[in-house]
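Trainee: Okay, structure incoming, though there's no sequence with it:
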């Protein structure tokens, strides 16, 4: 009997990555998968398609600003959107625990449907299963999209002087869910950022095309984890911490709880790497969309040693390393 | 607070269908989905693609003849295969319970990979999540395939005199899993039929094309449930019960347990509706493949009232109705 799974294996940090590398890649590895992008991208005839999947186990399933239906649809749409793919077809696998209120399920299905409609994708296949339990729900979604032909998104295209943009306040989703659990004696009066991002990103892709180098959505593990995953050898990412948008309520909760918003999940934000000459234009386009009003340039790429470096208000520097595991499971 | 989910909602019978119709279709309904086929089939340019999803919650995750890895890969491959689609790209969402042995996970991932390799599909996107629990695992798979151009599979093409073929013994998977639970004081010494069917069905499609009217895999609810789902108004399906292949061990267990093999899940069988003139040829092709050696014509289509009628050995007739709910949850 070997090592056993613990909650930290699901946090999106070092432990999650190790699990994937040890238990899955030896058998399932292939060039498409080993890119470890948000979607698998492949050719079918002349088209470049993207296929992605995600399971959602968020607890509680209803939280300020959304529910597991909106979250699971957004999550899959966003994995396609950050891959440069227009979301076309979505599937949903709903695993229901005994005792789940069918009215709640109906609200979840309705939010799921609304979110898909927002991006004009079609729901083409579904499945429901029931397991023992206490009224919970798990949703798995898969999405098929078509990559816009003018794009060439890849972490390998990131180079010194590229600017790093985030499309709004970070960490809202993670804090909203943790507080919604009611276990911490604090209550959230701000919503999760959970939202489908295709409408925000499409105009950016249309206008700036290959000047957009790479995009990712900072979900599990938050902004700092995603930056670490993307930062290749020979580069550093310098992040001006005072430029990273953080809601005052999140900043306050983060001080009380000792949690860093930079490591807290977003579900409606994108991190964008853009050529320096196009950074202003990118910011202007993003700010013109309701989901991008809080966009900001938070840093830039330099030559370096593969480190993500936070520059504090006083000019101090700290390495924003990858966390081994998150303390808060079941955020998404 | 309304009605609550119970295990019967997951059995694939009347209750499952009612849940889908009430909680999902009002929001998510569209022509592709309302076909309620095994895959959503749609056009992308000149190609007809099929996209499908399924969640697997089988308990225990290891059973004679397979495990949840082989099962989940086979299930999605089969949903594509019975839709006439060559399986091309597969995704996997793995929801792990705390306490799961990582060696077991590795065996599951390895079986999953082998099964996909068998049909030359590629694994292009994966996800893992961890939840509280007691060492269980849930797997969701989605699959993208391309429908062979010469095919036109639809339940609406079924007409009187068409023959009904099943590709092997029925109910093996259901009985193998129930017995593997060890709760009934019986032990299974026969394997589940769990297997990927593309290799079996492709030659049939290639040779007989549109003479194959419709194909489905009798999973949850078994052969009788699937026949009921397919049987349209104006038709009856007459099934010669003595021609339906049943393993002797399954027949024996079924008498002891009072369960009907016709309502027990298969995970490596197909039910095929074929023009009468092509039935012999179809049988010959199927029997030429290791997974189709036990194929048999089990009945035919007549004009009627939308009933599935079993003709017993003595010539008696019984209506094989849809069950309200299955007694045995978590079979797949």
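Mentor: Nice, thanks for sending it over. If you're wondering where the values come from, they're calculated on a predicted model, not measured in any experiment.

Trainee: Just confirm residue A:279 contacts residue A:163, I think it does.
Mentor: Yes - look at residue A:279 against residue A:163 with C-beta atoms under 8 Å: they come within range, at 3.9 Å. C-beta coordinates here come from the backbone N, C-alpha and C atoms, glycine included.

Trainee: Mutual contacts of the two, please.
Mentor: Counting by C-beta atoms under 8 Å, 6 or more residues apart in numbering or on different chains, the residues touching both residue A:279 and residue A:163 are residue A:297.

Trainee: how about the strands of the stretch 201-332 of chain A, start to end?
Mentor: A:212-216, A:235-240, A:271-274, A:296-303, A:308-311, A:317-319 (DSSP state E, counting those that start in this stretch).

Trainee: Any chance of TSV for these, columns distance to chain B and mean neighbour count?
Mentor: What follows is the strands of the stretch 201-332 of chain A, written out as TSV (distance: least, C-beta to the nearest C-beta, whole Å; neighbours: other C-beta atoms under 10 Å in any protein chain shown):
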stretch	distance to chain B	mean neighbour count
strand A:212-216	15	23
strand A:235-240	25	20
strand A:271-274	19	24
strand A:296-303	27	18
strand A:308-311	23	21
strand A:317-319	27	12
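
Trainee: Name the nearest residue to residue A:239, ignoring sequence neighbours.
Mentor: Counting by C-beta to C-beta, 6 or more residues apart in numbering or on different chains, residue A:239 lies nearest to residue A:299, which is 4.0 Å off, once chain neighbours are set aside.

Trainee: low-scoring stretches of chain A, by residue?
Mentor: Scanning chain A for pLDDT under 70 picks out A:1, A:36, A:326-327.

Trainee: hmm, back to that, could you dump the strands of the stretch 201-332 of chain A into a markdown table and include distance to residue B:311?
Mentor: As requested, these are exported to a markdown table (distance: least, C-beta to C-beta, whole Å):
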| stretch | distance to residue B:311 |
| --- | --- |
| strand A:212-216 | 61 |
| strand A:235-240 | 72 |
| strand A:271-274 | 65 |
| strand A:296-303 | 73 |
| strand A:308-311 | 71 |
| strand A:317-319 | 76 |
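
Trainee: need the residues of the stretch 201-332 of chain A near chain B, please.
Mentor: Residues of the stretch 201-332 of chain A that fall close to chain B, judged by C-beta under 8 Å from any C-beta of the partner chain: A:329-330.

Trainee: now the helices for the stretch 201-332 of chain A?
Mentor: For the stretch 201-332 of chain A, the helices defined by DSSP state H, counting those that start in this stretch occupy A:222-230, A:248-257, A:279-287.

Trainee: most neighbours per residue, which of those?
Mentor: Highest mean neighbour count of these: helix A:222-230, a mean of 23 (counted as mean count of other C-beta atoms under 10 Å in any protein chain shown).

Trainee: got the angle for that helix vs strand A:212-216?
Mentor: 120 degrees (axes from the mean of the first three to the mean of the last three C-alpha atoms, to 10 degrees).

Trainee: tell me what helix A:222-230 is packed against?
Mentor: Counting contacts by 3 or more C-beta pairs under 8 Å, 6 or more residues apart in numbering or on different chains; DSSP states H and E, helix A:222-230 is packed against strand A:212-216, strand A:235-240, strand A:271-274, strand A:308-311.

Trainee: Mind listing residues that contact that helix?
Mentor: A:12-13, A:36, A:155, A:158, A:164, A:166, A:170-171, A:174, A:214, A:216-219, A:237, A:239, A:244, A:260-266, A:271, A:273, A:308, A:320-323.

Trainee: Domains in chain A, by residue range?
Mentor: For chain A, the structural domains run A:37-147, A:155-319, going by automatic domain parsing.

Trainee: buried sites along stretch A:169-181?
Mentor: For stretch A:169-181, a neighbour-count test (16 or more other C-beta atoms under 10 Å in any protein chain shown) marks A:169-180 as buried.

Trainee: Just put those in JSON lines and tack on distance to chain B.
Mentor: Listed next are these as JSON lines, based on distance: C-beta to the nearest C-beta, whole Å:
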{"residue": "A:169", "distance to chain B": "25"}
{"residue": "A:170", "distance to chain B": "22"}
{"residue": "A:171", "distance to chain B": "20"}
{"residue": "A:172", "distance to chain B": "20"}
{"residue": "A:173", "distance to chain B": "15"}
{"residue": "A:174", "distance to chain B": "15"}
{"residue": "A:175", "distance to chain B": "20"}
{"residue": "A:176", "distance to chain B": "19"}
{"residue": "A:177", "distance to chain B": "14"}
{"residue": "A:178", "distance to chain B": "16"}
{"residue": "A:179", "distance to chain B": "20"}
{"residue": "A:180", "distance to chain B": "17"}
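
Trainee: With that, I have no additional questions.
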